[in-house]
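Student: Sequence and predicted structure, then a few things I'm wondering about:
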Amino acid sequence: MQRQVDFDEILEDSPMFSSKLKIETQKNKKLKSTLKNMNKIANQYIKAAESLSEIGKKLSASIVEYNKQIFDVTEKDGQDSINQVLSTFSNNFSGVNEARRLNFNFIKTNLIGPLKKFIDEELKQSKLQYKKLLKMKSERNSAFNKHLNTPPNSKNSSKTETAFLNAEESYVVGCLDLASKLVRIREKKKFEFVDRMKDFLQSQSDFYFFANSVLEKNTIAINKANDQLNEVKLYYQDLTNQQEEHKIKIYKMLLKKRQEKEKSRKTLDKSGYLRMKTGGVVKDWEKRFFRIQDNSIWYVKNSKDMTRRGEINLLLCTVKLNYELNKINCFQIVTPNLESSIILQAPNSEEMRSWMEVISNNIELLLNQQMSDKKTDLSGTEKAKKTLEIIYKIPGNDKCADCGESEPDWCAINLGVTFCIDCSGTHRNLGVQFSKVRSLTLDDFEDELIPLFEKLGNEKVNKILEAQTNETRKPSYRDDLICKSQWVTAKYKLKAFIGEKYDQETLNNNLHNSVRENDFDEIYRWLVCGANPIYKNPKLNGQTAYHLAVQFADPLILLLLIQFNSKIDILDFNNKSPLHLAVEKNRIEMVELLLQKNAKLVFINENNDNNVNKNKEENENKEEEVIEDPLTIAKNLGNEECIQLIEKYLNERNKSNDNNSISENNKIIEQNENDDDDSWVLPNSSSFENLQKENFDNNESKNKFQKTSVNYFIDNDNKNDINSENSSKIKNNETNSTSNVNSQQNASLKNDKLGQGGKSGKRGLHNISLSKIRFPRRKSSNSLNSKNNSTSSKSPFSPRKLSMKFKKKK
């Protein structure tokens, strides 16, 4: 219960009285703080309201000005109701603002003023009186002690007594004044502020009632003007449609005239001599006869050799001036299919401009044709457009990750970054082990890659790959190709800006730990830092990151690992592949993803390969131990979904093998029988070593192979020269491959190393891929001669070092 100040206790000066004074004073102190804060907020409210009133005045004035400007038009059109609405609204709005101003003045006078006065005169003075009373009490106690310590017969006895009585009287009067003030404050605060708030709320109510009554008058005018407003809107819509139709007609007429002029002016064909910068060991300029025809550019060497060389479709090309070389009249053709730009030199500036214009005309024509063709495939166009929109919404993806060029249309599906066409050429040169390049507009972008990109993006990836650039300046889109190429190589291949470096074992272990924890961001970080996805961890029975992913991670993480290394059939020390473990764990999503990526369904024990006898005859006769296949495991475990899934993919693969094995062999034989000219072809990696050894062991090997240095152009001629001995082998193998289609299907499922002609050591020439492949040039021009007679199993003609020609045996 609240203690009341009792005036009878003043004379006693009891501790209870002192406690009551102290408590009341503390309460007043808190009340003062609360009221000061309230007064501050009320002032802020008034200032904000005054600003609103000023803005309202300006709005009303602008409405009046607008009404004056459109008055003539509305009056002429008979739309006076609209004008009346604006006039009425402006007048009423001014009246409301004036009422608001009066309301604010009332609040200042009846709320803020009295509140401030109560704080300053009542609460502040009570605090000062309490401090004064404490001082008087101290003086009284001092006089009292002095009086008591005076001897009875002392001369100062009467003086000390008088001083004590005076101090006592002053203290009692001070207590009486303070107690009276505290009682008044306690009672006054119950009604003073409440009364002021009542007046404030009443004034607010009166203001809004007045504003409502004023604005209600606009309702009648608004209803009257609604019909006229609808008519004006309809008239405006009709007028807009008519104008758009006129604009379209005029635009079509202008476009037609322009197209007719351009058609008469544009040239699509051109021929003549240009100098070309070669890319051999000794870089030089060679004069060649070039021709642009049928939307392609190609050249011939001389009158003795009229073979088309280096034919390039101009669809994916861009042409621009070259300022990097210290030569005049140079221009370059940039295409993502080649390592570097094709640099050409014209005899004069007019010829240079003419060549560039013709190339641009062909590019424009091809793009327009593509656009017209794509109109028939709206679904594909819409899909590509939606994909591009999704990719661009990812933070940082709307600009090139390497130079900042806007709207990049190329990407690396393993890195999850987007880049421009200039940087795409360098990304291709890095190789797929560093960057798997795809076009966002021209290639079929797989839906499964979209979630992968959404988890990554340029902004996130650059935080890893550009963590510590130090003082190295990142190139901009204005920089030349050399600068961009150096940056891309340092960033992705050399890992120069990653920051903290780790040894390979640490990277591999960290990758495995992150896969077990299902941490996508950390997995990506270790992969781009150089972790090996197929590293076999001896502490985990030789399991790789793939084995761990199918057990502990999400399918998206497995997809990420596959982008960095597609060897998904690797076996652990227990001879189990990731597919085996996925079937055992009954992880259907993982099983389906692995099967989509062509995971093997039949395996050969890898331990046999480690203990192969050096004698080839014994090795060929040795039986291969077949590991229990995933389908059998699924049946033993009773995993029905896995069984159905595996059988479905097994049937599809069998049908595909039946159709492809014969048709490919027939196509190769037909090509070789009709071959008359030289062309750039290479065997595939599965039969390359056997072919080079077979040809180089022959005494006539110099006639079969011709040394060449790689040009910036690729010979795209469809004819291929293969010697008659190889052609006869192909014909012999055709019969075997056709009669053993079923056995080939099983062999291909058992081991990817087995060719269609037999075991891995006896591949037939029908395995050769005749698709034209372009490889980087050799490091040394003498490397071919120095190793011509080598019998080593390692070929001096590595498919990454050299392009080869098969010439017809004379």
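Tutor: Received, thanks. Being a predicted model, the structure only gives us computed values, none of them experimental.

Student: Okay, strands next: where are they in this protein?
Tutor: Assigned by DSSP state E, the chain shows strands spanning 270-277, 285-293, 296-300, 309-313, 318-321, 330-334, 342-345, 410-412, 417-419, 437-439, 603-604, 626-627.

Student: Of these, which stretch is the most buried?
Tutor: Each of these was assessed for mean neighbour count using mean count of other CB atoms under 10 Å. The highest is strand 417-419, with a mean of 29. (Glycine included, C-beta is placed from N, CA and C.)

Student: What strands line up against that one, and which way round?
Tutor: Sheet neighbours of strand 417-419, with direction, are listed as strand 410-412 (antiparallel) (DSSP bridges).

Student: quick one: contacts of the strand it pairs with?
Tutor: Residues outside strand 410-412 that contact it (CB atoms under 8 Å, 6 or more residues apart in numbering) are 336, 391, 417-421, 423-424, 427, 435-440, 453.

Student: per-domain residue ranges of this protein.
Tutor: Following automatic domain parsing, one finds the domains of the chain at 9-208, 270-374, 378-493, 654-786.

Student: residues near the closest residue to residue 181 other than its chain neighbours, how many?
Tutor: Among residues not flanking residue 181 along the chain, residue 126 sits closest, at 5.1 Å (CB to CB, 6 or more residues apart in numbering). For residue 126, the neighbour count with other CB atoms under 10 Å is 20.

Student: Now do the same for residue 126: its pLDDT.
Tutor: Predicted confidence (pLDDT) at residue 126: the value is 72.

Student: Would you confirm that it contacts residue 29?
Tutor: No: judged on CB atoms under 8 Å, residue 126 makes no contact with residue 29 at a distance of 9.1 Å.

Student: Phi, psi for the nearest residue to residue 553 once chain neighbours are set aside please.
Tutor: Spatial nearest neighbour of residue 553, excluding adjacent residues (CB to CB, 6+ apart): residue 518 at 4.8 Å. In terms of degrees, to the nearest 10, the main-chain angles of residue 518 are phi 60, psi 40.

Student: hmm, back to that, mind putting the domains of the chain into JSON lines with distance to residue 229?
Tutor: Putting the domains of the chain into JSON lines (distance: least, CB to CB, whole Å) gives the following:
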{"stretch": "domain 9-208", "distance to residue 229": "7"}
{"stretch": "domain 270-374", "distance to residue 229": "43"}
{"stretch": "domain 378-493", "distance to residue 229": "38"}
{"stretch": "domain 654-786", "distance to residue 229": "68"}
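
Student: so which of the ones you listed comes closest to residue 501?
Tutor: Between residue 501 and the domains of the chain, the tightest spacing by CB to CB is seen for domain 378-493, at 10.5 Å.

Student: count of residues packed around the nearest residue to residue 182 once chain neighbours are set aside?
Tutor: Residue nearest to residue 182 in three dimensions, not counting chain neighbours: residue 24, with 4.5 Å by CB to CB, 6+ apart. Using other CB under 10 Å, the number of residues around residue 24 comes to 23.

Student: Next, work out how far apart residue 24 and residue 18 are.
Tutor: Between residue 24 and residue 18 the distance, using CB to CB, to the nearest Å, works out to 11 Å.

Student: same question, residue 118
Tutor: As defined by CB to CB, residue 118 lies at a distance of 26 Å from residue 18.

Student: what do you get for residue 219?
Tutor: Distance, residue 219 to residue 18, using CB to CB: 68 Å.

Student: of these two, who's got more company?
Tutor: Comparing residue 219 with residue 18 by other CB under 10 Å, the one with more neighbours is residue 18, at 15 against 9.

Student: In contact with that one, which residues?
Tutor: No residues are in contact with residue 18 under the rule CB under 8 Å, 6+ apart.

Student: do the same with residue 200
Tutor: For residue 200, the set of contacting residues under the criterion of CB under 8 Å, 6+ apart consists of 107, 110, 111.

Student: quick one: contacts for the last one?
Tutor: Applying CB under 8 Å, 6+ apart to residue 111 gives the contacts 42, 196, 197, 199, 200.

Student: right, and the pair among these with maximum separation?
Tutor: Of all pairs drawn from the contacts of residue 111, the greatest distance, 12.8 Å, lies between 42 and 199 (CB to CB).

Student: what's the spatially most central residue of the chain in contact with, if anything?
Tutor: The centroid of the chain falls nearest to residue 457 when counting by CA atoms, centre = their mean (2.6 Å). With contact taken as CB under 8 Å, 6+ apart, residue 457 is in contact with 394, 395, 396, 397, 416, 417.

Student: any idea how far it is from residue 468?
Tutor: From residue 457 to residue 468 the distance is 20 Å (CB to CB).

Student: Repeat that for residue 197.
Tutor: For residue 197, the distance to residue 468 under the criterion CB to CB works out to 63 Å.

Student: Looking at those two, which is more packed in?
Tutor: A count of neighbours by other CB under 10 Å puts residue 197 above the other of residue 197 and residue 468, at 13 against 10.

Student: For the contacts of residue 200, give me TSV that also has pLDDT and distance to residue 646.
Tutor: Shown next, in TSV, are the contacts of residue 200 (pLDDT from 0 to 100; distance: CB to CB, whole Å):
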residue	pLDDT	distance to residue 646
107	76	82
110	74	87
111	74	83
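
Student: So for the residue lying closest to residue 568 once chain neighbours are set aside, what's the pLDDT?
Tutor: Nearest-residue entry for residue 568: residue 599, 5.3 Å, with adjacent residues in sequence omitted and distances by CB to CB, 6+ apart. Per-residue confidence (pLDDT) for residue 599: 90.

Student: Verify the stated contact: residue 599 with residue 580.
Tutor: No: the criterion here is CB under 8 Å, and residue 599 misses it with residue 580 at 9.8 Å.

Student: out of those two, which sits in the busier spot?
Tutor: Neighbours of residue 599 and residue 580, each counted by other CB under 10 Å, are more numerous for residue 580; the result is 23 against 20.

Student: Look up how far residue 630 lies from the more buried one.
Tutor: Taking CB to CB as the criterion, residue 580 is separated from residue 630 by 6 Å.

Student: before we move on, back to that, so which of the contacts of residue 200 sit within helices?
Tutor: Counted as lying in helices by DSSP state H, out of these, are residue 107.

Student: quick check, nearest of the contacts of residue 200 to residue 566?
Tutor: residue 107 (76.8 Å).

Student: my read: that closest one touches residue 206, true?
Tutor: No: no contact is recorded between residue 107 and residue 206 when judged using CB under 8 Å, the distance being 11.9 Å.

Student: And these two? Which one has more around it.
Tutor: Comparing residue 107 with residue 206 by neighbour count (other CB under 10 Å), the higher total belongs to residue 107, at 22 against 14.

Student: what residues are up against that one?
Tutor: 42, 46, 200, 203.

Student: again, only this time at 10 Å
Tutor: 42, 43, 45, 46, 49, 113, 196, 199, 200, 203, 204, 207 (CB atoms under 10 Å, 6 or more residues apart in numbering).

Student: Please check the residues you listed and keep the buried ones.
Tutor: Among the contacts of residue 107, the ones that count as buried by 16 or more other CB atoms under 10 Å are 42, 46, 196, 200, 203, 207.
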